[in-house]
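*Asks:* Provided below for reference: sequence and predicted model.
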Amino acid sequence: MRLATAEALPGAPALADRPVPAPHPMTALRAVAGRVERDVSRHPIAGLRSWLHGGPVPNAVEFPAHELASGERVEELMSTAAALWGGSAHANAALAWKTYCYWTLAPAVLGYVAARRVPVMDAANTVFSVSDEAPMFSVRQVRPHFLALPHDPCAGHPDVEVVANEEVLLDRLRATAFDAHLGPVLDAFLARVRVGRRTLMGSLASGLSYAVASMAQAVPDADEVIAKTLLDAFDVAHLVDVATDEHGRLVYRRRTCCLALTIEGGRTCSTCCVQSDRC
């Protein structure tokens, strides 16, 4: 006896009329991350692998961002920096902030570059990890939550919140990643060490620029346009000079120093303002 098909059942919708599930919001990000690893370098993406593909970070100390934003564990994070770099208190703080800032921003830059799809990385939804094994630093979301534009194929996914347009997307990016996360962490650092706010914000500008310089090579969009858009969104365009080289790749120079040169045996970074006497 022939079994009845779904089309033959009374009241059953035709297969062609059934809604197609929205693709997973991570798919495009994983694809671009893979191209960055293959064609550029593994380093800009290394700390995102556990978030992108799942799985724990081995032998890691986790710092929930809300505990850093409240000031509760900032001194512990700075102690970790001291053990790694052995500099002065303010230099260790500056380098800890530089590292933390980059890995907090990297997922957002990847999402924006890949698909104008931004993972929400506020303090309540972010965990930073420090491990004895590679990668030493990594970050993940507590729960998946993305911002996307109305035309995004993932707009109907349950982990996606749709925003009206790109201006709103950038405003929400700033509000979640800085106002509700990096800003309070920055204030917690400044309350404990004598280091200038401008110096630390310069590392935010540098982190954005480095992420774009690395990740935008994997997509056709103009690197400099992406960089200026994100720098403007965080109000830090005045802290870094950006341009493109003869191959269209982003190059940038900080207008502040991250203080790595003050550590014994330290050298200036390739993008440091000290080399151009502007610090």
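*Replies:* Everything's here; your move.
*Asks:* got the buried residues for stretch 129-145?
*Replies:* For stretch 129-145, a neighbour-count test (16 or more other Cβ atoms under 10 Å) marks 129-131, 135-141, 144-145 as buried. In short, each C-beta sits where N, CA and C put it, glycine included.
*Asks:* and that stretch, C-alpha only, in PDB?
*Replies:* This file holds the C-alpha atoms of stretch 129-145, laid out as PDB (Å, rounded to 0.1, in the frame of the first residue of the first chain):
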ATOM      1  CA  SER A 129      39.600  34.300  29.100                       C
ATOM      2  CA  VAL A 130      43.300  34.000  29.900                       C
ATOM      3  CA  SER A 131      44.900  30.700  29.300                       C
ATOM      4  CA  ASP A 132      48.300  29.000  29.800                       C
ATOM      5  CA  GLU A 133      47.900  27.500  26.300                       C
ATOM      6  CA  ALA A 134      47.400  29.000  22.900                       C
ATOM      7  CA  PRO A 135      45.500  31.100  22.300                       C
ATOM      8  CA  MET A 136      46.400  32.900  25.500                       C
ATOM      9  CA  PHE A 137      43.500  35.400  25.200                       C
ATOM     10  CA  SER A 138      40.000  34.700  24.000                       C
ATOM     11  CA  VAL A 139      36.500  36.000  24.200                       C
ATOM     12  CA  ARG A 140      33.000  34.600  23.900                       C
ATOM     13  CA  GLN A 141      29.400  35.600  24.300                       C
ATOM     14  CA  VAL A 142      27.400  34.200  27.200                       C
ATOM     15  CA  ARG A 143      24.400  33.700  24.900                       C
ATOM     16  CA  PRO A 144      24.100  34.300  21.200                       C
ATOM     17  CA  HIS A 145      22.600  37.700  20.400                       C
END
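*Asks:* tell me the gap between it and the middle of its chain.
*Replies:* Remark: stretch 129-145 is offset 12 Å from the chain centroid, using Cα atoms, centre = their mean, to the nearest Å.
*Asks:* and for the residue nearest to P153 when sequence neighbours are not counted, the neighbour number?
*Replies:* Nearest residue to P153, sequence neighbours excluded (Cβ to Cβ, 6 or more residues apart in numbering): P23, at 5.5 Å. For P23, the neighbour count with other Cβ atoms under 10 Å is 13.
*Asks:* switch to numbering from 564
*Replies:* Got it, the first residue is 564 from now on, which makes the last one we talked about P586.
*Asks:* the helices in the protein, which residues?
*Replies:* 589-602, 606-609, 612-616, 628-632, 637-648, 652-678, 729-737, 746-753, 760-778, 786-796 (DSSP state H).
*Asks:* for the shortest one, enumerate the helices and strands it packs against.
*Replies:* In this structure, helix 606-609 packs against helix 589-602, helix 652-678, helix 760-778, with contacts taken as 3 or more Cβ pairs under 8 Å, 6 or more residues apart in numbering; DSSP states H and E.
*Asks:* cool, the fourth one as well?
*Replies:* Where contact means 3+ Cβ pairs under 8 Å, 6+ apart, helix 628-632 is packed against strand 689-694, helix 746-753.
*Asks:* one more time with 10 Å
*Replies:* Under the contact definition 3 or more Cβ pairs under 10 Å, 6 or more residues apart in numbering; DSSP states H and E, helix 628-632 sits against helix 637-648, helix 652-678, strand 689-694, helix 746-753.
*Asks:* can you check the pLDDT for the closest residue to V799 other than its chain neighbours?
*Replies:* Leaving aside its sequence neighbours, V799 sits nearest to A768 (Cβ to Cβ, 6+ apart; 3.9 Å). Per-residue pLDDT puts A768 at 94.
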